[in-house]
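1. based on what follows, work out the 3D shape:
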Amino acid sequence: MTSRRRFGRIRKLPSGRWQARYPDGSGQDIPAPETFASKGDAARWLVMLEADMARGQYVDPRAGRITFAQWAEQWLRRPGKRANSVVRDRQGLEVFMPHLGPRPLSSITPMHVQAAVDARSRDVSPATVVRDVAAVRAVLNAAVDSDLIARSPARKVALPKVRPPDRKPLAAEELVRLADAIEDRYRALVLVGGVLGLRWGEAIGLRVCDVDFMRRTVTVAQVVEEVAGQVRVMAGEAKTAGSRRTITAPLFLIEELTRHVAEHRPGVERTDLVFVGPRGGILRRRFGERAFRPAVQRAGLDPALTFHALRHVAMSALVDENVHPRVMQGRAGHASSRLTMELYAHVSEGADRDAALALENRFRPVVSDGNGHAAGTEPA
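-> Sure thing, here's the model as predicted:
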C-alpha cells in the first residue's frame, strides 16, 4: 500500500515531465516555478521546500513577479526618506532602468546587474558608478528584507576602483586669506566651515540661539535643504544620528561671530538665522558662483575649492593636533570615527615630520653607538 504524501502533491504532465505543487499559507496549492524530469526530482524539491519553510527561509516565488521599476518606486516613496536622498537615489536608479527596470525581481541575476554596472562604467567616473550602484543595492536589499526575493543579485557585483582625489587641505594661513578675500558679511561663514567643519546646510541653518556666546558652543539643531530649486528649513532633522550635536568653538571664532551679528545682523531675534543674503533671505547654492568662487580666485587658491572642502580643513587640523578620532567623529557629526578618518583626515607634511622626529627621539638612544653595536653594549 502506497502511503499518502505528507507535504505537497506530484503529478505527471502530458509532456512527460513532473509537476510539484505545495500549499501556501491559505491552503491554496501553488505550482513549483519549474517542472522536473523525474518524480524523484520533484519529491526532493518538495522536501527541500518544506525544510526551508520550517527554517523561515521560504520566499513565495509569486512575490518576485513585481518588476524592479515597480519595487524601486515603492522604495523611493517609503516614509522618512529625506528629499535630497530621494533625488539622489532616483537619479542613480534611473540609469539602470533600461537594463533592470522591466525585469521581475525574481528573474534578475548577478550577471544582469554586472552587465548594467559595466555599461554604466563606460560612460561615467568610477565614483559616480559606485554612488549609483549603492541605490540599486539598497533597493534589492529592501526586497530581501520584504521577502520578495531570497538573496540580492547585487551582493557580489564587481565595481570599478575609486581613486580618492588628491586633496591638499588649506593651511591655516590660506583659510584666513580666503576669509579676508570674501565679502565681509560672509567672512565668519567661511571660518565656521573651515574651523568647525560644518556642512553647508548646517552652517547656513545656524540660528542666533544655536550659538552660546558665553559657553563658547555651537549647536547644529537644524539644516537648510535645497532640492530642485526649492529651499526648506528642517528643524530637528539631521543627515545622520550624530549630526545633531553641540561642539565647543575656539574663542577667536566666537569673537568673529559676535562681530558678525553686531555688524551684519543688528536687531536680530534669537530664532533668526546667523548667515543670510544681502536682502535677508536664506543663502542658496548659487552662493558658490556669486561669492565663494570669486573669493577663491582673489585669494590665489585652487579654483576647484568648494565650501564643502573647508570641512577637510577642519578635520585635518584636528589630526595635526592629535585629537582623538572619537572626538573628531563627534565634531564631524558622523556615525563612526572610521568614516571621519577615511573621508576627511589628511595628514600634513608638518605632522609627518613631527612623527619622524618622535621616532628619532624614541629609537636613536638604543639603536647604535656608531660602530654597529646597540648603545650600552660591548662587542662579543
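
2. wait, what's in contact with W45?
-> 20, 32, 36 (C-beta atoms under 8 Å, 6 or more residues apart in numbering). To be clear about C-beta, it is placed using only N, CA and C from the backbone, and glycine gets the same treatment.

3. if you set the cut-off to 6 Å instead, what comes out?
-> Neighbouring residues of W45 by C-beta atoms under 6 Å, 6 or more residues apart in numbering: A20.

4. okay, it and S38: tell me how far apart.
-> Distance of W45 to S38, given as C-beta to C-beta, to the nearest Å: 11 Å.

5. could you break this protein into its assigned domains?
-> Using automatic domain parsing, the domain ranges for the chain come out as 9-58, 65-145, 172-344.

6. now the strands: where do they sit in the stretch 1-150 of the chain?
-> With DSSP state E, counting those that start in this stretch, the ranges of strands along the stretch 1-150 of the chain come out as 9-12, 18-23, 29-31.

7. what's the most buried one of the ones you listed?
-> Across these, averaging neighbours per residue (mean count of other C-beta atoms under 10 Å) puts strand 18-23 on top, at a mean of 18.

8. distance between it and the chain's centre?
-> From the chain centre to the centre of strand 18-23 is a distance of 45 Å (C-alpha atoms, centre = their mean, to the nearest Å).

9. state the pLDDT value of V367.
-> V367 carries a pLDDT value of 68.

10. actually K161, not the one I wrote
-> Reported pLDDT for K161: 86.

11. tell me who's in contact with it.
-> Taking C-beta under 6 Å, 6+ apart as the test, K161 contacts no residue whatsoever.

12. helix, strand or coil: sort out it for me.
-> The three-state assignment at K161 reads coil, by DSSP: H, G, I helix; E, B strand; the rest coil.

13. for S121, see how far away it is.
-> Taking C-beta to C-beta as the measure, K161 falls 11 Å from S121.

14. now swap in V192 and tell me
-> As judged by C-beta to C-beta, V192 and S121 stand 38 Å apart.

15. and those two? Which one has more around it.
-> Between V192 and S121, V192 has the larger neighbour count (other C-beta atoms under 10 Å), namely 26 against 17.

16. is that one in contact with A203, as I believe?
-> Yes - between V192 and A203 there is a contact at 5.2 Å, judged by C-beta atoms under 6 Å.

17. where do the helices sit along the stretch 151-300 of the chain?
-> Secondary structure of the stretch 151-300 of the chain (DSSP state H, counting those that start in this stretch): helices located at 172-181, 187-191, 200-203, 251-264, 287, 293-298.

18. closest to V113 out of the ones you listed?
-> helix 200-203 (32.7 Å; C-beta to C-beta).

19. the closest one packs against which elements?
-> The helices and strands touching helix 200-203, judged by 3 or more C-beta pairs under 6 Å, 6 or more residues apart in numbering; DSSP states H and E, are strand 222-227.

20. let's see that with 10 Å instead.
-> helix 187-191, strand 217-220, strand 222-227, strand 230-235, helix 310-320 (3 or more C-beta pairs under 10 Å, 6 or more residues apart in numbering; DSSP states H and E).

21. who's in contact with that helix?
-> Helix 200-203 has contacts (C-beta atoms under 10 Å, 6 or more residues apart in numbering) with 84, 188-190, 192-193, 196-197, 210, 218, 220-226, 231, 233-234, 238-239, 243-245, 274-275, 283, 285, 287-288, 306-308, 310-311, 333.

22. distance from the chain centre to it, please.
-> Averaging C-alpha positions (C-alpha atoms, centre = their mean) puts helix 200-203 17 Å from its chain's average.

23. residue ranges with poor pLDDT in the stretch 51-200 of the chain?
-> 55-64, 164-167 (pLDDT under 70).

24. on that earlier part again, and the helices of the stretch 151-300 of the chain: which comes nearest L100?
-> Among the helices of the stretch 151-300 of the chain, the nearest to L100 by C-beta to C-beta is helix 200-203 (31.8 Å).

25. coming back round to it: now tabulate the helices of the stretch 151-300 of the chain in CSV and tack on distance to S316 and mean neighbour count.
-> Compiled in CSV, the helices of the stretch 151-300 of the chain are given as follows (distance: least, C-beta to C-beta, whole Å; neighbours: other C-beta atoms under 10 Å):
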stretch, distance to S316, mean neighbour count
helix 172-181, 11, 17
helix 187-191, 16, 23
helix 200-203, 18, 24
helix 251-264, 17, 15
helix 287, 23, 17
helix 293-298, 18, 16
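
26. returning to that earlier point: just the helices and strands packed on helix 200-203: most buried one?
-> For these, the highest mean count by mean count of other C-beta under 10 Å goes to helix 187-191, at a mean of 23.

27. for the nearest residue to P31 once chain neighbours are set aside, give me its contacts.
-> Excluding the flanking residues, the one nearest P31 by C-beta to C-beta, 6 or more residues apart in numbering is R21, at 5.3 Å. R21 sits next to 8-11, 28-32, 42, 46 when contact means C-beta under 10 Å, 6+ apart.

28. cool, thanks, signing off.
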